[in-house]
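Student: I would like to see how this sequence folds:
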Amino acid sequence: MITIAKTPEIRNIEFLNSSIMFVHLTNDRTFIVPLDQFKDIKVLTPEQRSAFEIIDGTNLSFLAIDNVYSLSELTGLE
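Tutor: From the prediction side, this is the model:
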């Protein structure tokens, strides 16, 4: 039997004030992302942060900014 491991995908995100973003994955892991590394996300208002889109499970986009962030970029694994 061949088993193919599926790459974890972004399940949800949440914020701890304006300095930390939690990226929750489908494999029940959570990455803590310091927003000092992503200044354009850091300056978003709480309302703008809540308007996000997960694209294909591996990319994250906010309606208020033009950037699309990959899961590997957010977790520092690229």
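Student: And the helices in the protein, which stretches?
Tutor: In the chain, the helices defined using DSSP state H lie at 39-42, 46-50, 71-75.
Student: got these as a markdown table, with mean neighbour count and mean pLDDT columns?
Tutor: Glycine gets a C-beta too; all of them are placed from N, C-alpha and C. What follows is those, written out as a markdown table (neighbours: other Cβ atoms under 10 Å; pLDDT from 0 to 100):
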| stretch | mean neighbour count | mean pLDDT |
| --- | --- | --- |
| helix 39-42 | 15 | 95 |
| helix 46-50 | 12 | 96 |
| helix 71-75 | 17 | 90 |
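Student: got the contact list for the residue most central in space within the chain?
Tutor: Taking Cα atoms, centre = their mean, the centroid of the chain lies closest to residue 23, which sits 4.8 Å from it. Residue 23 makes contact with 10, 13, 30-31, 33, 60, 71, 74-75, according to Cβ atoms under 8 Å, 6 or more residues apart in numbering.
Student: How about residue 34?
Tutor: Contacts here follow Cβ under 8 Å, 6+ apart; on that basis residue 34 touches 19-20.
Student: could we number from 582 for the rest of this?
Tutor: In the new numbering, first residue 582, that becomes residue 615.
Student: gap between it and residue 646?
Tutor: Remark: distance between residue 615 and residue 646 (Cβ to Cβ, to the nearest Å) = 18 Å.
Student: Mind checking the helices of the chain for the one nearest to residue 587?
Tutor: Among the helices of the chain, helix 652-656 comes nearest to residue 587, with 13.1 Å by Cβ to Cβ.
Student: In the protein, where is pLDDT below threshold?
Tutor: Low-confidence regions of the chain, defined here as pLDDT under 70, cover residues 582-586, 658-659.
Student: again, only using 90
Tutor: In the prediction, the chain carries residues with pLDDT under 90 at positions 582-589, 598-599, 656-659.
Student: ok, and what's touching stretch 620-638?
Tutor: In this structure, residues lying in contact with stretch 620-638 by Cβ under 8 Å, 6+ apart are 590-591, 593-594, 596, 599-600, 602, 607, 616-617, 641-646, 648-650.
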